[in-house]
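**Q** Here you go, sequence then predicted model.
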Protein chains: 2
Amino acid sequence: MFQFEIIKQHSYSKARLGKITTSRGVIETPAFMPVGTQGSVKAMSPEDVEECGAQIILGNTYHLFLRPGHKIVEELGGLHKFMNWKKPILTDSGGFQVFSLAKLAKVTEEGVQFQSHIDGSKHLLTPEIAMEIQQSLGSDIMMALDELLPLPTEKSRLKSSLELSTRWARRCREAHTDTEQTLFGIVQGGMDKDLRRESANQIVDIGFKGHAIGGLSVGEEKEELLEIADFTADLLPKKSPRYLMGVGTPEDLLNCSERGVDMFDCVMPTRNARNGSLFTRSGKLNIKNAQYLKDDLPIDPGCACYTCKNYSRAYIRHLFMANEILAMRLNSIHNIAFYQDWMRSIREAIQQDKPIKPLE
Amino acid sequence: MFQFEIIKQHSYSKARLGKITTSRGVIETPAFMPVGTQGSVKAMSPEDVEECGAQIILGNTYHLFLRPGHKIVEELGGLHKFMNWKKPILTDSGGFQVFSLAKLAKVTEEGVQFQSHIDGSKHLLTPEIAMEIQQSLGSDIMMALDELLPLPTEKSRLKSSLELSTRWARRCREAHTDTEQTLFGIVQGGMDKDLRRESANQIVDIGFKGHAIGGLSVGEEKEELLEIADFTADLLPKKSPRYLMGVGTPEDLLNCSERGVDMFDCVMPTRNARNGSLFTRSGKLNIKNAQYLKDDLPIDPGCACYTCKNYSRAYIRHLFMANEILAMRLNSIHNIAFYQDWMRSIREAIQQDKPIKPLE
């Protein structure tokens, strides 16, 4: 089951308030998906993630394929049961990690050969295998396999790559058999608008229930990110959700929501948390800073998360400096709660049709 | 407020079922105290610790004195508020860590000079300072400062050491001003019964509300541990609680409960958890073992802890092998729950006056 409904169109921007309905629950959009790379949103329990307000999380196919292996996850009842998360899960195709983490051997028409970053073992990822893995994991939303190129790359190379990604997307669509799982296509094309248009036309033609904008947040300038996200979102059908992959900062989420994007994911809130970098309504704060040594305030006095309700900056700084594991959890809870509050605030502004100023 | 009541004397052993009442709550004895060295029971939240059934935890004066500093903890409202733990806390004197972790400079009549294991800074710990630190931390039960010697040590040296410890205990008693906090004395004397008797007589004479057996679990044979614990417990007043410091395995807790000990602490359950070594009703299990790769059972099918209710061995093994932080928490919750269940089972057997066979 997969339905997308637009509840309200913002009149100040292209933002829309939406609702995705799946058999595992509703996802209010614009939505942020915490990343649970290896079957765990790092340092958090599923209850922690849910209490922060997340309605969907992302799992990484590449990591779960290598460890513990998708067949084992399938034998144990699928990823939801394995990790004790009952709400929707989106899995990526594994492509991005193969191109960014693994030692790449060779890209052919068939797929991509790579070596595991864990043990150097050799593997082949094809569109059909990407579907098989995601079907074994049992995610609610699956992503088509695409090729990613390092930027800058010359236009002719980008063009042949997006055409390969289109052929792979078509093979994914054909290999996709489980109707309980919904498959999204991904638009590529780098920073070139002609290529983005070409890719969007081809991907939309295949007929997916949702579309992602791939290949952004790879080191380009903010302005370029926004321009390409804006341009590409406009090329995608209004009636299906648009997912901007791997983005981004709270400001990115705001700016891209206003450009018509409905879904986001990023490791930033959890990764920053583990480095002591915490989001607050008045800007970022680094808990390592000596100024927090005796600071009795919560991380963010405006926040109602478990961490802010129960602990002072001084305590969290102490835990962090003393390498206590609890610091990782408390910080992650706060940053994920901040991101979810941020998105809720964006949704409320669209609902009330007023200019979007999250958490002000 | 500090009351100790013996509810039932076991007729099969010297074990007794007791109840310590403090202003922060009741501690049913025999009791196991999880160790929260640096203001956190490692990898667990206070709610986790409480849900496992713990009624009191231990905090380490040495660590909190060095980081963040007892004055800071005091300014922030004391250790309970700082770490968000509302039930009783016992703090040690800092002595054991000074003698085991710090670079020791010099022991004099006044106290012990040492260098921090964190930054090499020089400090002095005296009986009066040990009291001051623990009063700043605001623990419910404080421990007197004592000297610890490496074993084997010749008898004359042990004798002069226990006499120094007695003089320090007396100074602690004199420096102890806060009547909301209860001070325990510690019996030393190594593995020598004459010296244990001498120390016990002197410490009991000072007039403490509880007594600890120190200097055990330092590498001696199990038999010797049990013999000295047994012998020393018998020297202590029946009407006050007896605390065997730093002990031990589940079997140690059983055996020493049967010898009349009421309180225990040990890092074993949490440290083992972080190494993947888990206690179960059918023995220890190492979650790293490949046999658990596809094992859908909980760690311990007889256990009702959060971890066992929600996660399989296969999932926990996966988290552990993938270095996921959540593994540390899930394992620690289980091992602390096991220790608490173990103690509850011992208490029930005393209550029912039947032979103690915990968790059978």
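**A** Good, I have the coordinates.
**Q** so what's A:Phe231 up against?
**A** Applying Cβ atoms under 8 Å, 6 or more residues apart in numbering or on different chains, we find A:Phe231 in contact with A:193, A:196. Any C-beta I mention is one placed from the backbone N, CA and C, and that applies to glycine too.
**Q** which element is it on?
**A** helix A:222-235 (DSSP states H and E).
**Q** Sort out which residues of that helix are buried, please.
**A** A:225-226, A:228-233, A:235 (16 or more other Cβ atoms under 10 Å in any protein chain shown).
**Q** from those residues, which two are the most distant?
**A** For these, the maximum inter-member distance is 16.1 Å, found between A:Leu225 and A:Leu235 (Cβ to Cβ).
**Q** which residues touch A:Ala15?
**A** Counting by Cβ under 8 Å, 6+ apart, A:Ala15 has contacts A:30, A:257-260, A:346, A:350, A:356.
**Q** Can you pull the residues of chain A lying near chain B?
**A** Proximity of chain A to chain B, by Cβ under 8 Å from any Cβ of the partner chain, involves residues A:38-40, A:42-45, A:63, A:67-68, A:72, A:75-77, A:82-84, A:293-294, A:296, A:310-312, A:314-315, A:317-319, A:321-322, A:324-326, A:328-329.
**Q** quick one: the strands in the stretch 201-350 of chain A?
**A** A:210-213, A:242-244, A:263-265, A:277-280, A:283-286 (DSSP state E, counting those that start in this stretch).
**Q** Let me know the pLDDT of the closest residue in space to A:Val261 that isn't next to it in sequence.
**A** Among residues not flanking A:Val261 along the chain, A:Leu244 sits closest, at 4.6 Å (Cβ to Cβ, 6 or more residues apart in numbering or on different chains). Predicted confidence (pLDDT) for A:Leu244: 98.
**Q** who's A:Leu244 bridged to?
**A** On DSSP bridges, the residues paired with A:Leu244 through beta bridges are A:Ile213, A:Phe264.
**Q** how about the helices in the stretch 1-150 of chain A?
**A** Under the criterion DSSP state H, counting those that start in this stretch, helices of the stretch 1-150 of chain A are mapped to A:46-51, A:61-66, A:70-75, A:79-83, A:95-100, A:127-137.
**Q** For the second one, the averaged confidence score.
**A** When you say that, I think you mean helix A:61-66. Averaging pLDDT along helix A:61-66 gives 97.
**Q** Over to the third one?
**A** Per-region confidence: helix A:70-75 scores 98 on mean pLDDT.
**Q** mind listing what's buried in it?
**A** Per 16+ other Cβ under 10 Å, helix A:70-75 contains these buried residues: A:70, A:72-74.
**Q** So A:Asp300 sits against A:Thr280, correct?
**A** Yes: A:Asp300 is in contact with A:Thr280 according to Cβ atoms under 8 Å; the separation is 3.8 Å.
**Q** quick one, which of these two is more surrounded?
**A** Using other Cβ atoms under 10 Å in any protein chain shown as the criterion, A:Asp300 and A:Thr280 rank with A:Asp300 on top: 23 against 18.
**Q** residues contacting that one?
**A** Taking Cβ under 8 Å, 6+ apart as the test, what A:Asp300 contacts is A:278-282, A:285, A:308, A:334, A:338.
**Q** For it, give its distance to A:Tyr311.
**A** 12 Å (Cβ to Cβ, to the nearest Å).
**Q** Please apply the same query to A:Gly276.
**A** According to Cβ to Cβ, A:Gly276 stands 14 Å off from A:Tyr311.
**Q** and the two? which has more neighbours close in?
**A** Using other Cβ under 10 Å, the more surrounded residue of A:Gly276 and A:Tyr311 is A:Tyr311, with 23 against 19.
**Q** Let me see the contact set for the more buried one.
**A** Here A:Tyr311 is in contact with A:298-299, A:330, B:84 (Cβ under 8 Å, 6+ apart).
**Q** So for it, what's the pLDDT?
**A** Looking at A:Tyr311, its pLDDT stands at 98.
**Q** Next: the one 10 residues further on.
**A** Listed pLDDT for A:Met321 reads 98.
**Q** same deal with the one 10 residues further on?
**A** In this model, A:Asn331 is scored at 98, pLDDT.
**Q** Relative to A:Ile346, how far out is the residue nearest to it when sequence neighbours are not counted?
**A** Excluding the flanking residues, the one nearest A:Asn331 by Cβ to Cβ, 6+ apart is A:Ala273, at 3.7 Å. Computed as Cβ to Cβ, the A:Ala273 to A:Ile346 distance reads 21 Å.
**Q** ok, now A:Leu17?
**A** Noted for A:Leu17: a distance of 9 Å to A:Ile346, by Cβ to Cβ.
**Q** any common contacting residues for A:Asp300 and A:Thr280?
**A** A:Phe338.
**Q** what residue of chain A is the furthest out?
**A** Centroid-distance maximum for chain A: A:Lys294 at 36.2 Å, with Cα atoms, centre = their mean.
**Q** okay, and for the stretch 51-200 of chain A, where does confidence drop off?
**A** For the stretch 51-200 of chain A, applying pLDDT under 70 flags no range at all.
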